[in-house]
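Enquirer: build me a model from this:
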Amino acid sequence: DEADRMCDMGFVRDIKKIEAELPRQRQTLCFSATMDASVSEIVRDFMHQPVTISVIKNQTNDHIEQDIIHAHDKAHKIEILKTLLPRPEFEKVIVFNETKFGAQRLADNLTKNNIPAVAIHGNKSQSQRERALRSFATGEINVMVATDVAARGLDIPNVSHVINFDPPKIYDDYVHRIG
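Expert: As a prediction, this is how the structure comes out:
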């Protein structure tokens, strides 16, 4: 899963080493919501007579409403967030932040202001991430502030809102975040 990211992040050499140890007769499956031409070419190198199956009609699902809220600066963004999150329609919210430090600081700020939030990012141990994710998934906490570590590979049901507090650097990350 996330074949595009594995190739994009510099694991190609490792993947080739593993692939060389595999039997010639095998089935290889690669999955991703986004796959550009250069990564598709790398992935095809690992396969024999590959078949591509695409279920994407357009990049973002039609049932996902997208809004833009303008803010003057970071402090204003935090104030807007603190007015939105207590509203009843914001039942289960993922707030994406660009940095690990920023995600933690924002989650702490929200919690301090009576909006309980958990943070999930790369500086947390696996057990800390699992605990934060579990409290969010079960509804114990309804706000999770995350870096892009949570944009892929997680299936959390009933998320009502995804807020890009910090915009992603590339469009594919946006697609993964809101998906």
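Enquirer: how about the secondary structure of the closest residue to E140 other than its chain neighbours?
Expert: Distance criterion Cβ to Cβ, 6 or more residues apart in numbering; nearest residue to E140, sequence neighbours excluded, is R134 at 7.9 Å. For every residue, glycine as well, the C-beta is placed using N, CA and C. Under DSSP: H, G, I helix; E, B strand; the rest coil, R134 falls in the helix class.
Enquirer: please renumber the chain so that the first residue is 7 from this point on.
Expert: Okay, residue one is now 7; in that scheme the one you just asked about reads as R140.
Enquirer: so what's R140 scoring on pLDDT?
Expert: What the model reports as pLDDT for R140 is 90.
Enquirer: do V149 as well
Expert: We note a pLDDT of 94 for V149 in this prediction.
Enquirer: and A125, by the same measure?
Expert: Looking at A125, its pLDDT is 91.
Enquirer: next: I24.
Expert: 79.
Enquirer: hang on, it in a strand?
Expert: No: read with three-state DSSP, I24 is helix and lies in no strand.
Enquirer: related to what we said a few turns ago, count the residues that sit near the residue nearest to E146.
Expert: Neighbours of R140 under the rule other Cβ atoms under 10 Å: 12.
Enquirer: next: R111.
Expert: Neighbour count for R111, taken as other Cβ under 10 Å: 15.
Enquirer: just the buried positions in the strand or helix carrying it, please.
Expert: Assessed by DSSP states H and E, R111 sits inside helix 106-118. Within helix 106-118, the residues scored as buried using 16 or more other Cβ atoms under 10 Å are 106, 108-110, 112-113, 116-117.
Enquirer: cool, stretch 115-128 as well?
Expert: If you call a residue buried by 16+ other Cβ under 10 Å, then stretch 115-128 has these buried ones: 116-117, 121, 123-127.
Enquirer: got it, and stretch 83-96?
Expert: For stretch 83-96, a neighbour-count test (16+ other Cβ under 10 Å) marks 83-84, 86-87, 90-91, 96 as buried.
Enquirer: contacts for it?
Expert: For stretch 83-96, contacts defined as Cβ atoms under 8 Å, 6 or more residues apart in numbering pick out 75, 77, 99, 101, 112, 115-116, 119, 121, 148-149, 166-167, 169, 171.
Enquirer: just the strands in this structure please.
Expert: Ranges of strands in the chain, per DSSP state E, are 99-102, 124-126, 149-152, 167-170.
Enquirer: in its sheet, which strands sit next to the first one, and in what direction?
Expert: Under the criterion DSSP bridges, strand 99-102 sits next to strand 149-152 (parallel), strand 167-170 (parallel) in its sheet.
Enquirer: and it, C-alpha only, in PDB?
Expert: As requested, the backbone C-alpha atoms of strand 99-102 are provided in PDB (Å, rounded to 0.1, in the frame of the first residue of the first chain):
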ATOM      1  CA  VAL A  99     -12.300  16.400  13.200                       C
ATOM      2  CA  ILE A 100      -8.800  15.800  11.900                       C
ATOM      3  CA  VAL A 101      -6.700  19.000  11.800                       C
ATOM      4  CA  PHE A 102      -3.600  18.700   9.600                       C
END
